[in-house]
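Q: build the 3D model from these lines:
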Amino acid sequence: MIEIDDKIVSADLLREGFACDIAQCKGICCVEGNAGAPLEIDEVDILEEEYPHYKPYMTPKGIEAVERQGFMVVDSDGDYTTPLVDDAECAYAYTENGITLCAIEKAWAEGETTFRKPISCHLYPIRLMRFSNGTIGLNYHRWSVCSAARACGAKKGIPVYKSLREPIVRRFGEEFYEALDAAAELLRKP
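A: Next comes the predicted model:
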């Protein structure tokens, strides 16, 4: 573990390979799991406000799930998450050419909204953990559905944090990313 400011970072984020290979996994991370995508409290309001922009890209079952369950649900751990369709697929997911994608991100790409997608999705496989003292932990979540991404990252020599530069900067800022990069450089030195 490495401490940077008020963040505790798993060294695996700096050492291990990861490069999303959606052609291999088909976006299965939006379909499988035991809960929806974790949401930050401010993202709940955004989802409600921006819902009309996502709706045209959502499936009928996704729309029904949101309208029945709400823009978010509280999971068994008490965390805010996206609602699910049939206890599996994220309500905001849709399929295009056999690949599961995000309706929220599609609306963003089309210029319909400024909100790209929940930060937990953008940062994945980094999972954030909040400690009672205000410290945030950045952990590497290894899920079997991402085995192709781990193999691709290892083959290309792309560590997790470099693969996720954009969402790391989005959530924590450029300075934090540069500190991660410096820490990775120190770890590489003998």
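Q: please pull out the lowest mean pLDDT helix or strand from this structure.
A: Across the helices and strands of the chain, mean confidence by mean pLDDT, DSSP states H and E is lowest for helix 22-25: a mean of 85.
Q: tell me the mean pLDDT over the next helix or strand after it?
A: As assigned by DSSP states H and E, the chain's next helix or strand after helix 22-25 is helix 41-54. Across helix 41-54, the average pLDDT comes to 92.
Q: just to revisit the earlier point, which outside residues touch the least confident helix or strand of the chain?
A: Where contact means C-beta atoms under 8 Å, 6 or more residues apart in numbering, the residues beyond helix 22-25 that reach it are 99, 145-146, 148-149, 152. Every residue, glycine included, has its C-beta placed from N, CA and C.
Q: repeat for stretch 31-47
A: 30, 54, 71-73, 75-77, 79-84, 88-91, 93, 100, 104, 115, 118-121, 127-128, 145.
Q: how about the helices in this protein?
A: 12-15, 22-25, 41-54, 60-69, 103-109, 119-123, 147-156, 160-163, 165-172, 174-188 (DSSP state H).
Q: make a markdown table out of those and add distance to residue 134.
A: Below are the helices of the chain laid out as a markdown table (distance: least, C-beta to C-beta, whole Å):
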| stretch | distance to residue 134 |
| --- | --- |
| helix 12-15 | 20 |
| helix 22-25 | 34 |
| helix 41-54 | 15 |
| helix 60-69 | 31 |
| helix 103-109 | 28 |
| helix 119-123 | 18 |
| helix 147-156 | 31 |
| helix 160-163 | 22 |
| helix 165-172 | 14 |
| helix 174-188 | 15 |
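Q: among those helices, which gets the worst mean confidence?
A: Looking at these, the weakest mean confidence is helix 22-25, a mean of 85.
Q: the residue nearest to the spatial centre of the chain and residue 102: what is the separation?
A: In the chain, the centroid-proximal residue (C-alpha atoms, centre = their mean) is residue 121; its distance is 1.7 Å. Going from residue 121 to residue 102 by C-beta to C-beta, to the nearest Å gives 7 Å.
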